[in-house]
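Q: Build me a model from this:
(chains A, B, C, D and E)
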Amino acid sequence: MNANPYLPDMATVVEVIEETPNIKSFRLVLNDEEKMRSFSFKPGQVGQLSVFGAGESTFVINSSPTRMEYLQFSVMRVGEVTTRLHQLKAGDQVGVRAPLGKPFPVEDMQGKNILFIGGGIGMAPLRTLFTYMLDTRDDYQDITLLYGARSPVDLTYQAELPDWLAREDVKTVLCVDNEYPGWEHKVGLIPNILLEMNPSPEKTVAITCGPPIMIKFTLQALKKLNFADEQIITTLEKRMKCGVGICGRCNIGTQYVCLDGPVFTYAQLKELPSEL
Amino acid sequence: MERFITQDNLQRFAAGLAEKKNVLAPVASGGTTTFRRLRPGMQLDFSRMAVISPKDATFPRNETLLTVQHYPEESGKRMELQEHLPEGEMVVIGCRPCGTRGKLVFDPVYETQAIKDPYYIRRRDGATFITLACARPETTCFCHSVGSGPADEEGSDILLTAVEGGFVAKAVTEKGEQLLGDSLFEDAGAKAEEAAASNASARKLMGEAHDFSSAAEKLLKRFDDMDFWQTQSDKCISCGACTYMCPTCYCFNITDDEAGLVSRRLRTWDNCMSHTFTLEGSGHNPRSTKAHRLKNRMGHKFSYYPDLHGGQIACCGCGRCIKQCPAGVDIRQVVMAAQEYPDER
Amino acid sequence: MRIGVFICHCGSNIAGTVDCESVVEIAAGFPEVVYATDSMYTCSEPGQEGIITAIHEHNLDGVVVASCSPRMHEPTFRRAVERAGLNRYMFEMANIREHVSWIGKDKAHNTNKAADLVLMAVEKLRRNRPLVAKSFTTVKKVLVIGGGVAGIQAALDCADGGLDVVMVERDQSIGGKMAKLDKTFPTIDCSSCVLGPKMVDIAQHEKISLYACSEVESVSGYVGNFSVTIRRRATYVDWTKCTGCGVCTEKCPSKRSPDPFNEFLGTTTSINIPFPQAIPKKAAINPDTCMKLQKGKCGICAKVCPVGCIDYEQQDELVTVEVGAIVVATGYDLFDWHKYPQYGEGRYPDVITSLQYERLLSASGPTGGHIKRPSDGKEPKNVVFIQCVGSRDRSVDRPYCSGFCCMYTAKQAILTKDHIPDSQSFVFYMDIRAPGKGYDEFTRRAMEEYGAQYVRGRVAMIYPHGDQLIVRGADTLAGTQVEVPADLVVLATGVEASQGAVKLGETLRVVPDQFGFFVESHPKLKPVETNTAGVYLAGACQGPKDIPTSVGQGSAAAAKALGLLSKEQLESDPAVSKVNVNRCVGCQKCIDTCPFGAIKAVTDRMGRLKAEVIETVCQGCGICTVTCPQGAIQLEHFTDNQILAEVNALCPPKMNNVSFE
Amino acid sequence: MSAQDEQRELRIVGFLCNWCSYGGADTAGVARFIQPTDLRIIRVPCSGRIDPLFIVRALLNGADGVLVSGCHPRDCHYAEGNFYARRRLEMLKRFLPITGIDERRFEYTWVSASEGQRWQHVVTEFTRRIHELGPAPFFNPVSEEEWAKLALDGAARGASCACHG
Amino acid sequence: MSGEVSQLEELKAAIRGQLDSLDCVIGWEQGYDPLHATPLFIRSEADLERLTISPLAVHNPATYTTGFKGKKIGLVVRGCHSRSVIELLNEKLIERDEVVLFGLCCDGVVSQRKIRAALPADPGFVEAVELGKDELHITVAGEQATLKLQEVLADKCLHCAYPDPLVADVLIGEKHAPRQAASPACQDAFEALGNEEKLAFWQDTMSRCIRCYACRNVCPMCVCQDHCIATSRDHLWMSQENTPVENFMFQMIHVSHLTGRCTECGECERACPVDIPLMLLRRYMNKQVREVFGHQAGIALDKTPPLLTFQVEEARIKERDW
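A: From the prediction side, this is the model:
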């Protein structure tokens, strides 16, 4: 971060990956080599990407701090800024303000079983932690990933899925909402598959992210599986502008998602006023 | 240090300052009085509290954060980013204690251990406030209910008190003291006592303060009671008069403009009462109705902010939001209603 | 985005008055332009290949071509960028030829303007998004409006090509002007012998339905799916029963009915069949002159009709047909020569029109093919033909050449000699226009073999002298004034747009030009298309034409219709309106203003009213977009943001961050 | 007006419907009807697509003139677009005087695809008119002097206008 | 004042009778001081007791109707308010069977601006207000002042042609004799200025605007609700920059969208916290609409706003010669 917190660092797009029809991943390198070398962040932290002339938008840094060749952001096309982001190609310039926000409590997770539950674009924040844990695999017990999307084409990170599936040190389960020709994995809604998988809450941390409706039912499922509120971690999304807790729109009561989040435990969320 | 200055000399003093610095002062035009940049020939208007607060001085309605120059690909140059930090000094003359205090609410947000907003800090540090104490409260005034008063000096560099024939000027800071060295100021003499008496009388005229002490807790308790908030927000029309007039409202928007190869990142006042404030790209809006938004505005000023910043209420009691609200929403009433609302129904 | 800009020289058409290299240089500095170049003819094969190569080499995702009017080559370039894998809507054109190089003299100004137009195109393109056409099925049926020779040809070609055809004819019989002609130039073959069989084919072709005495009332829908309402005028004869035996016409006591088929040279019966070869060969009553319909007395035709088909109570009938394409072949009318004072304004019965003369020449005409002048029935010896009556004359607002009068005048001079060997023809002409195959030879024959005397000059006046008329005019070649005694004067009246063309144009959304002729889509490249997709032009409704050209155009229009409807599915233009349901407040103002009924109200999951566009019906006019105050309905490819981007490109908003007040 | 001023181009924005007037401008081009070069044309499908606010935006951004042209009434390619346009544009034209923007800077007319000569005439006349009016004043004061003058004039009005209740 | 009191009682009785079947009834009560009224949302007998219909009760309740879509509410309406209701009905934005209209034959409401100008001290120091038949007796900063009601009436009331509700389910008070509308002298004077003066006026006046959108949000005919193009994220219509040109652009948007729809209730101007005389623009546009289309918004049911329809031959639009 610069002394002027509104001042982005210039970065160059080095690669654009078309993940799904409306999601692209962008790999960026800061133009200032020294800054790039010394850039440090923790899984779960976010960044503001600028397309100058269009504006800024917040995305989680979904590459792992253990792999610092580039910073990766996955962008779903919804509004004006994301549309302009989707027009970027390798070589184009963007602004980056990162890292912002608080990361996943990685230290607290060491030595525990980790259960990732991701839905759609919600896989982005999980990817950073998941790849981080793969790179520091010995610090954790069992790692399970349940990742679902509406249909097979809506699954992001297709290039990495075969590897994740093939690994023996993690259990990866994929699912889609309905049957599709050629689909060999699970079919059904994430909360139902989760119940079917029946993971034990014993020494386990569940990390979930996805669309609001999926989160709602996944939380219910986790409660049914006897996970305690403190064992459940999620990340929130809010409209943000400044990213540094000033501009006043991303607060839930006293908590600013850009500053105090986006990572919250379910226990913390329950303490907050209900304004999601 | 207390000095005296006649009404005419104050005008002269202000005009003199305006030759060297940006001076912001209440000026009458078009049937109203607003803070304007004092330019030669303009008269100070102290006859009423300016409808807009002086927060422009430290938090202007438009602030260019940065500009970007793009270059054509063939030129081999990459885009160039330029930060636009404010320069120069500003003197605000004739704001009231409440308006001056507004910036105090900004301080713990715009300057923290981790985050320092250089735009605000530079403007604040470059600003001098010559405040006019109030002689009589308006029906909408409640500064005494939020820890202030009609002659509150906090945040001011000089406090003026109207006396017979002119003003007594009290230096509050060193900066103020320096200004009072100007030859237009005379010895205050007995006028100082007249001023003190006037200030005391003003405080007395304000009567009893509202007790907002349980607001922080009660507003949180009301959070999920949408019936309460719907009723309270019935007459609100979701405009921004309250927030833009408010000396303490510090929320802003950041937008980009572009013209050809130049683009600009602009910070403008934003308004938490507007639907678009929290509208997300997906169409989802966590504060989708005016009831949600009024709840957040009240909560922010009287609960969340005090919670985070040592109990300080994020309101200076100037009453502009009440007086200028097209629908007459009374912030005092809403807080009181929340406090008085039975917990169990 | 990565935009490529291509500046076309168009030979010297653009480069002559625009510094194309400078425009390239300036354009290279426009936002998101990564490649700019110029080429001699961008629309040419190598020019298009250049675009395609550049798209690949420079990884372009948008293209601007600055050249001629998009009305000319937009489709060409769209196809080119499509070949390179881009969406055709990621393309914009700057018109620097028709709107710059051809109209401005100052090279510096032109260059500057060209650069501005490129900037506008770039700024719009930056807001373009790929649009994908939707497919829809078509009705394999064609409406042909007008049963003259052009319409007949179009209908027969369409029907032979396998399409169903509905032909609508305003008059009682098809055949048009050609059916009235005696012989045709330059072959002097019998007009009805040529046309007659084709008319019969129309009647007999199983794929053709003919509605005579009918007019198009209204048209709705869109290409491939028009819905046409036809008004069938009451004929007071049940045509499903009428056999065309003609008994009624023989017995009808009302014999003073005007005879339009014979150009009002004589009269006919109130119930009649216009001519023996009429198609359909059915009788119809002229209600204006029928005693039964006027006064309630008579009723003879009903009594004599062997099949009982007379129906005095018959009313107009509205019929709706669904068609996929429309061929307009409404022909022409004759100029009203009475506007000219010098020809007597109708005072002299022996001044007649050329078409009246055709009827006099025709064996089936009122005189049985004997040339008898109207005043006294005498055979004329001196016949004077006056050309350009209502052609090439600005004073009567007819500056254009009617094209075929020179030819038929020559023909009539020849026929006059054939009919009356001791006759002498005189032709007053301006220039002889005989550019067709065998045409010039034909006019020469009239002069050389048939002795017609051609006088180059305008006629100043005609005045009676005894039982003759004296035609006074100038002989501009001899430089003298001439006076020719005439037994009969034949005016080569010019062509004007058919009465009713303007009204029909409104119905079809086909624009008439200032003279009432329908405007084709492009004068060179799209001579039978109109600006309304699926509506084609044939024959003289588009401008004066002789028979072979009309027939050719009839076939051309038919080919267009066949080509259009040969596809199982058509693609709708995706540049149609689209509703952002998040912004729509359901006020339905767009529904009220849409001229096509292309927007409907639907209820969303929450029970709120929302507007929804029927994409195939939407024509892309954008009226709704302006109607909607919250900008919830946007015309794709012409969104508010796209147009505003152009406005802002031309009038850039100032960003001088003035101090607040 | 000096010869030099006459030389200087002013910013004139045209909004032309695709079917008639844009075609008319093309026709004028094809016929090589020489016209002043100040005008830049924005092509829209129909005059019914022209939001009067486009014109306002152009004028407020500093356009010296705005010319709108569509199909003649009854000749709209979309049947009714220019009927709506006529009402909208007429109201804008009538409204401009209250804003202090000279209404002569905006004009609307009808030119068909065949009327190349008429288009030449319209462009020539309108451009002449705009040159007679000269460059348009920009709405935002651009210099401190302009601000000062305005603010002072405003302040001079003082509290005089309380009647707007 | 007995007349008004009995009218108030009559009104209360009428409302009382329907209160049970309505979600709420919108009227007015005293606001933060005796000089100001504020909208009152009546849901109970206790609320009803606070109802006032004095000339201080200015707010147009029609503004709130679209927020109650699908619910049945009551409105206390004056003549000009009823015009807004009619226009909303004509535009299908509310349903007739979803509103019960308690009509007041209106003798005019005050302009707070005129009161401010007429008082010897800032109205912020008001202590007491007593309503006489034709006067206001106001105690302000210890001083007594008597203002003639006629002199502090809002401009719209001085020249009101429709003081009586044009649509109502219950009508309270006595109907007025027909009146002729007129434009205020101020309007005529402004219209008579030259372009340069007018432009300078707007440039300066618009520099006061803080873009709070009170004028928009208080307007009963601004029905875009939360989707105004001025605050949309697609920002090409306007920059968020608060400068005279952008501020004026917003007024142009407002006026343009109100063409033929503005019912001249004057709320925009009343609501403006910096006293921008917005009605200058609205009245002028309305005058043009009247001249060209013979149309006045909200004076008759089942009328289409003139820009949503057309005539093939426009009698009063003259084609300009070229």
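Q: switch to C-alpha atoms for all contacts and neighbour counts from now on
A: Noted.
Q: Look through the stretch 401-550 of chain C and state the residue closest to chain E.
A: Distances between the stretch 401-550 of chain C and chain E by Cα to the nearest Cα are smallest at C:Glu506, namely 12.0 Å.
Q: per-residue confidence for the residue in chain D positioned nearest to chain A?
A: Across chain D, the shortest distance to chain A (Cα to the nearest Cα) belongs to D:Asn61, at 18.1 Å. In this model, D:Asn61 is scored at 93, pLDDT.
Q: likewise C:Lys526?
A: In the predicted model, C:Lys526 carries a pLDDT score of 83.
Q: Quick check on the residue nearest to it when sequence neighbours are not counted: phi, psi?
A: Once flanking residues are discounted, C:Lys526 sits nearest to C:Glu520: 6.6 Å by Cα to Cα, 6 or more residues apart in numbering or on different chains. Summarising the backbone geometry of C:Glu520 under the convention degrees, to the nearest 10, its torsions are phi -80, psi 170.
Q: ok, C:Glu520 touching C:Leu537?
A: Yes. Checked against Cα atoms under 8 Å, the pair C:Glu520 and C:Leu537 is within contact range at 7.3 Å.
Q: what's the strand or helix carrying E:Glu87 packed up against?
A: Secondary structure assigned from DSSP states H and E places E:Glu87 in helix E:79-90. Packing contacts for helix E:79-90, counted by 3 or more Cα pairs under 8 Å, 6 or more residues apart in numbering or on different chains; DSSP states H and E, involve strand E:99-104.
Q: burial count for residue 85?
A: Picking chain A for this. Using other Cα atoms under 10 Å in any protein chain shown as the criterion, A:Leu85 is surrounded by 24 other residues.
Q: Hmm, no, I was thinking of chain E.
A: Around E:Val85 there are 34 residues (other Cα under 10 Å).
Q: re earlier: where's the residue of chain D closest to chain A relative to chain B, distance?
A: According to Cα to the nearest Cα, to the nearest Å, D:Asn61 stands 12 Å off from chain B.
Q: Count the residues that sit near that residue.
A: 23.
Q: isn't it right up against C:Leu644?
A: No. Contact status for D:Asn61 versus C:Leu644: not in contact, 11.1 Å apart, counting by Cα under 8 Å.
Q: now the closest residue to chain D within the stretch 401-550 of chain C, nearest residue through space, not along the chain?
A: When Cα to the nearest Cα is the measure, the stretch 401-550 of chain C has its nearest residue to chain D at C:Arg509, with 5.2 Å between them. Ranked by Cα to Cα, 6+ apart and with sequence neighbours excluded, the top spatial neighbour of C:Arg509 is D:His77, at 5.2 Å.
Q: mind listing what that neighbour touches?
A: Contacts for D:His77 were tallied using Cα atoms under 8 Å, 6 or more residues apart in numbering or on different chains; they are C:509-511, C:531-532, D:19, D:46, D:71.
Q: Find the helix or strand that the residue nearest the centre of chain D is a member of.
A: Ranked by distance to the mean C-alpha position of chain D (Cα atoms, centre = their mean), the top residue is D:Val66 at 1.5 Å. When elements are defined using DSSP H and E, D:Val66 is found to belong to strand D:65-70.
Q: what about the helix or strand following that strand, near chain C?
A: Heading C-terminal from strand D:65-70, the first helix or strand you meet, by DSSP H and E, is helix D:81-99. Yes. Counting by Cα under 8 Å from any Cα of the partner chain, chain C is contacted by helix D:81-99 at D:81, D:84.
Q: domains of chain B?
A: Described in terms of automatic domain parsing, the domain architecture of chain B consists of the residue ranges B:2-59+B:85-205, B:215-251+B:270-340.
Q: Compute the first-to-last residue distance for the longest one.
A: Using Cα to Cα, to the nearest Å, the end-to-end distance of domain B:2-59+B:85-205 comes to 24 Å.
Q: Let me see the domain layout of chain E.
A: Domain ranges of chain E: E:1-111+E:158-180, E:183-322, per automatic domain parsing.
Q: Dump those domains into JSON lines; add mean pLDDT and distance to A:Ala221 as well.
A: Putting those into JSON lines (pLDDT from 0 to 100; distance: least, Cα to Cα, whole Å) gives the following:
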{"stretch": "domain E:1-111+E:158-180", "mean pLDDT": "93", "distance to A:Ala221": "37"}
{"stretch": "domain E:183-322", "mean pLDDT": "92", "distance to A:Ala221": "36"}
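Q: Thanks a lot, see you next time.
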